[in-house]
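1. based on what follows, work out the 3D shape:
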Amino acid sequence: MIPLSIDANVSIISGAIGGPSAGLAFTLTLIDELTPGDLMGGQRVAVTGTIDVEGHVGAIGGLNSKASAVLQTGVKYFLVPA
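-> Numbering: from 1, shown residues only. Modelled structure (predicted):
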């Protein structure tokens, strides 16, 4: 876990994105924005997973549909919790 000490207000406008499985993607995006460098090394990466307030990544549903959508976008890497 990356220790952060930042006083900031964050607002996420998720639009059509719904459900708890977007939590990990939102979290990784915030970490990428708030820390130096590029978290994904310049690669396009799809990610799914729930995340709790302690940073534990949890299960997801609808993996077949999500994997199909990732394939259709041409993204090479898809991170999925075990």
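2. and the helices in the chain, which stretches?
-> In the chain, the helices defined using DSSP state H lie at 23-34, 63-73.
3. residue 55 is nearest to which of those helices?
-> For residue 55, the closest of the helices of the chain is helix 23-34, at 7.9 Å, according to C-beta to C-beta. C-betas here are computed from N, CA, C, even on glycine.
4. list the buried ones in that closest one?
-> By neighbour count on 16 or more other C-beta atoms under 10 Å, the buried set for helix 23-34 is 23-25, 28.
5. please apply the same query to stretch 31-49.
-> Result for stretch 31-49 [16+ other C-beta under 10 Å]: buried residues 45-49.
6. list the ones among those residues that fall in strands.
-> Of the buried residues of stretch 31-49, the ones assigned to strands by DSSP state E are 45-47.
7. quick one, what contacts the most centrally placed residue in the chain?
-> The structure's the chain has its C-alpha centroid closest to residue 25; by C-alpha atoms, centre = their mean the separation is 1.1 Å. Going by C-beta atoms under 8 Å, 6 or more residues apart in numbering, residue 25 touches 47-49.
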